[in-house]
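1. I need the structure of the sequence given here:
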Amino acid sequence: MNIHHLELFYYVAKFEGITAAVRKMPYGIQQPAVSGQILQLEEKLGVKLFNRRPFALTPAGEEMYDYIYPFFSRLGDLEEKLRGEEGRHLRLAATASALRNHLPDVLETLKKKEPDLRLSLREAAPSDVHNLLTTQQVDVAIGVLGGKMSEGLKAAPLMKIPTVLWVPASSKAKTWRDFIEKDPFSKNGHLGKVPLIGLPPNEVLQQLFQSEFDKINLTWPVSVEVNSTDVIRDYVSRGFGVGIGILIPGLKPPKGVKALPVKNFPPLVIGAMYQGKPKGVVEHFLRIAKEHAQSLPKA
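-> Modelled structure (predicted):
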């Protein structure tokens, strides 16, 4: 049996006639279409379900209506319940650094304002964010804004983070230029003997540094490739080289490393990405996240 035909019969039986059903059904459909599809249902079953004038259900129609009534009569309640539950469900993806350093405060504030909040968190690499959003696996993602956005995605910038070069704390250099000029292995613009710790080439931060290196004709390939700016700092602190990075507001660098400003390099823009019109809980989250970002001390 065609489920849509059963639904039409439910409304006809409920409102006692095709004309009344067409007026009161929750979606638009023409009277001839309803009549035609009810006839198809009766032909499929081989029985007459109701008399037209005056309207009255036949015994077969009574039996059919009693059978389908519990399902169709509760659809509205189910829809309202699911909408309510989904409206309180925030599915969020972010980098490990964001999940650890700033989102706990943002989500704690959101929880106070949304006591019934249902939260799903997912750690994601920056390169995975677009796919998670476009496949609707998450509602919103916090990550690096840069490059071309996938179709249908929107972005809300939250903060601009200065880029730095992480070097051992023992270094006397005050800027990254000092480090290059005083590096005993530097020769003809090549720094191959000073290990550079960086990210995969598809990451926005790595592309930003490489673009700036190209502008000054500096050849400095990545010797140690990792997948997190936090890991870069850790490896620098353990003496494996120097690393590209960002100076996250309110976060102290680990012992053994210091940050050399890379002046004239563009900052890394961190923002929230989402698809289409955000539901209420996402809008609330975006507002709190923006307020949190604005409250952070400048790096």
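
2. Quick check: bridge partners of residue 219?
-> residue 190 (DSSP bridges).

3. you'd agree it is up against residue 194?
-> No: Residue 219 is beyond contact range of residue 194, at 11.7 Å (criterion: C-beta atoms under 8 Å). Bear in mind the C-beta positions are built from the backbone N, C-alpha and C, glycine included.

4. between these two, which one's more packed in?
-> residue 194 (17 against 11; other C-beta atoms under 10 Å).

5. Could you report the neighbour count for residue 110?
-> That count, for residue 110 with other C-beta under 10 Å as the rule, works out to 19.

6. repeat for residue 48
-> 13.

7. With adjacent residues omitted, what lies nearest to it?
-> residue 58 (5.3 Å; C-beta to C-beta, 6 or more residues apart in numbering).

8. Backbone dihedrals for the one you found, please?
-> phi -80, psi 170 (degrees, to the nearest 10).

9. pretty sure it is in contact with residue 42, am I right?
-> No: Residue 58 lies out of contact with residue 42 (C-beta under 8 Å); the separation is 9.8 Å.

10. neighbours around residue 94, how many?
-> Counted with other C-beta under 10 Å, residue 94 comes out at 23.

11. hang on, isn't it packed against residue 141?
-> Yes: look at residue 94 against residue 141 with C-beta under 8 Å: they come within range, at 6.5 Å.

12. where do the contact lists of the two overlap?
-> residue 124 (C-beta atoms under 8 Å, 6 or more residues apart in numbering).

13. which residues does residue 254 contact?
-> So residue 254 contacts 233, 234, 237 (C-beta under 8 Å, 6+ apart).

14. next one: residue 158
-> 142, 270, 271, 272, 289, 290, 293.

15. Now do the host helix or strand of it: distance to the chain's middle.
-> Element membership for residue 158 (DSSP states H and E) is strand 153-161. Relative to its chain's centre, strand 153-161 lies at 12 Å (C-alpha atoms, centre = their mean, to the nearest Å).

16. Pull out the buried positions in that strand.
-> 153, 158, 159, 160, 161 (16 or more other C-beta atoms under 10 Å).

17. Which of these sits closest to residue 264?
-> residue 160 (14.4 Å; C-beta to C-beta).

18. if we can go back for a sec, quickly run through the sheet partners of the strand holding residue 158, with directions.
-> Under the rule (DSSP bridges), strand 153-161 has strand 268-275 (antiparallel) as partners.

19. Could I get the CA-only coordinates of the partner strand as PDB?
-> Taking Å, rounded to 0.1, in the frame of the first residue of the first chain, the C-alpha atoms of strand 268-275 are listed here in PDB:
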ATOM      1  CA  LEU A 268      45.900  33.600  11.600                       C
ATOM      2  CA  VAL A 269      42.100  34.200  11.600                       C
ATOM      3  CA  ILE A 270      40.100  31.900  13.800                       C
ATOM      4  CA  GLY A 271      36.400  31.700  13.300                       C
ATOM      5  CA  ALA A 272      33.200  29.700  13.500                       C
ATOM      6  CA  MET A 273      31.900  28.000  10.400                       C
ATOM      7  CA  TYR A 274      28.400  26.700   9.800                       C
ATOM      8  CA  GLN A 275      26.000  25.800   7.000                       C
END
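
20. so where's the stretch 1-150 of the chain uncertain?
-> Applying pLDDT under 70 to the stretch 1-150 of the chain picks out residues 77-86.

21. got it, and the stretch 151-299 of the chain?
-> Short version for the stretch 151-299 of the chain, where the test is pLDDT under 70: 182-193, 250, 298-299.

22. Which stretches in it count as helices?
-> 176-182, 204-215, 229-237, 280-295 (DSSP state H, counting those that start in this stretch).

23. Need the residues that contact the third one.
-> Among residues not part of helix 229-237, those counted as contacts by C-beta under 8 Å, 6+ apart are 96-97, 166-168, 197-199, 205, 224, 226, 241-246, 253-257.

24. again, 6 Å this time
-> 97, 166, 197, 226, 243, 245, 246, 254, 256, 257 (C-beta atoms under 6 Å, 6 or more residues apart in numbering).

25. As a markdown table, those with distance to residue 279 would be great.
-> Compiled in a markdown table, those are given as follows (distance: C-beta to C-beta, whole Å):
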| residue | distance to residue 279 |
| --- | --- |
| 97 | 26 |
| 166 | 39 |
| 197 | 40 |
| 226 | 36 |
| 243 | 39 |
| 245 | 35 |
| 246 | 31 |
| 254 | 39 |
| 256 | 45 |
| 257 | 41 |
